[in-house]
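Participant: got a predicted structure plus its sequence, pasted below:
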Amino acid sequence: MPLSWFACANCGFWQRHFAPPDCPVCTDVRNDLPEDGWCFLPEADVAATHGGSAREVAPGLWAFTTSPTLGLGGTGWLIVRDGGNIAFEAAPYYSVAMLAQIEALGGIAFLAASHAHGYGALFQLQYLFDPEVVAIQRDDLQLTKAFRVTMPYDDTLELAPGYTLYHVGGHYEGQAALHDAPGRRLFCGDMFKIDQDPAGRSLAISSHKAFHKDIPLTHAELRRYREAIAPLDFDAVLTPFEYAPEVDRAVTLAALDDGLARAPGVQRFAL
């Protein structure tokens, strides 16, 4: 059987394999195992059953989503800029039309993600656009078999002037955040979960080790988050799942301080 790409039907994590024996994301404590056993979808099956869409959520900032939902259903973000576009996180799968839209916007020069929950179909973006930089923090390299990391890093990595990756850990050992200084945005991975209403208005913010099971972070992990983002200026937060233009640096620091003032536990900080 030749090597091919397979998506986990439960979480959407992609593996390049002969026949995946299990899913390393689902077997991790941060996710649930599939109730009915493993189901791995060949790429051809996903391509035949899934489409998607692209929308500009702010000037020069595009969101790519897959439909119907595949796995965790994350968002692929694209920052369109002079000097080369930056893709951070990836949609679970990109249709031909979605890839054509990225091509029309100028392709991808820099590709990165926060952690495995945001990887999506990074392999598609690397295969088609061949960015020189594919950056993943070194502690998460064991989860990158579906694509090739060209630039592992330790604590920080400047992708381009004003666009810096910070290793924040916590939710995943190798989790990283991208600070977009020109856009005053923080692509925070799963540092924060933003509860939103159907209209997209943010209602509450929280931090977790495991979202499905409400496992909290330790105080040391929350302090590390705080130390990483306190020096950064931003007026909006973007997770792999939410765009929250009303959640700024002051809000995130207040939420972390609230967590540090309590015994460890998942607390939703109302906005």
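Facilitator: Okay, I see it.

Participant: share the number of residues neighbouring residue 77, please.
Facilitator: Residue 77 is flanked by 26 other residues according to other CB atoms under 10 Å. (C-beta placed from N, C-alpha, C; glycine too.)

Participant: report the buried residues of the strand or helix carrying residue 100.
Facilitator: With elements delineated by DSSP states H and E, residue 100 resides in helix 96-104, which encompasses its position. Across helix 96-104, burial judged by 16 or more other CB atoms under 10 Å covers 98-99, 101-102.

Participant: could you do stretch 105-112 as well?
Facilitator: Counting neighbours by 16+ other CB under 10 Å, stretch 105-112 gives 107-112 as buried.

Participant: and those residues as CSV, adding pLDDT, secondary structure and distance to residue 228?
Facilitator: Formatted as CSV, the entries for the buried residues of stretch 105-112 read as follows, by pLDDT from 0 to 100; DSSP: H, G, I helix; E, B strand; the rest coil; distance: CB to CB, whole Å:
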residue, pLDDT, secondary structure, distance to residue 228
107, 98, coil, 30
108, 98, coil, 25
109, 98, coil, 25
110, 98, strand, 20
111, 98, strand, 22
112, 98, strand, 16
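
Participant: now those residues in CSV, with distance to residue 3?
Facilitator: Converted to CSV, these look like this (distance: CB to CB, whole Å):
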residue, distance to residue 3
107, 26
108, 24
109, 27
110, 27
111, 21
112, 24
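
Participant: JSON lines for the buried residues of helix 96-104, including distance to residue 245 and pLDDT?
Facilitator: As requested, these are arranged in JSON lines below (distance: CB to CB, whole Å; pLDDT from 0 to 100):
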{"residue": "98", "distance to residue 245": "23", "pLDDT": "98"}
{"residue": "99", "distance to residue 245": "27", "pLDDT": "98"}
{"residue": "101", "distance to residue 245": "22", "pLDDT": "98"}
{"residue": "102", "distance to residue 245": "23", "pLDDT": "98"}
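
Participant: where does the protein dip in pLDDT?
Facilitator: Counting by pLDDT under 70, the chain contains low-confidence residues at 1.

Participant: now the helices for it?
Facilitator: If DSSP state H is used as the criterion, the helices of the chain fall at 43-49, 96-104, 122-129, 219-229, 249-260.

Participant: leaving out sequence neighbours, find the closest residue to residue 62.
Facilitator: Using CB to CB, 6 or more residues apart in numbering and skipping residues adjacent in sequence, the residue nearest residue 62 is residue 78, 4.3 Å away.

Participant: bridging residues for the one you found?
Facilitator: Legend: beta-bridge partners of residue 78 under DSSP bridges are residue 62, residue 87.

Participant: any idea how far it is from residue 94?
Facilitator: Residue 78 sits at a distance of 11 Å from residue 94 (criterion: CB to CB, to the nearest Å).

Participant: can you check which residues contact both of the two?
Facilitator: Residues touching both residue 78 and residue 94 (CB atoms under 8 Å, 6 or more residues apart in numbering): 64, 102.

Participant: against residue 35, how distant is residue 213?
Facilitator: Following CB to CB, the distance that separates residue 213 from residue 35 is 15 Å.

Participant: neighbour count for these two, which is higher?
Facilitator: Higher neighbour count among residue 213 and residue 35: residue 213, with 12 against 6, using other CB under 10 Å.

Participant: pull the contacting residues for that one.
Facilitator: Residue 213 makes contacts with 29-30, 32, as judged by CB under 8 Å, 6+ apart.

Participant: again with residue 117
Facilitator: Contacts for residue 117 were tallied using CB under 8 Å, 6+ apart; they are 25, 72, 74, 172, 189-190, 240.
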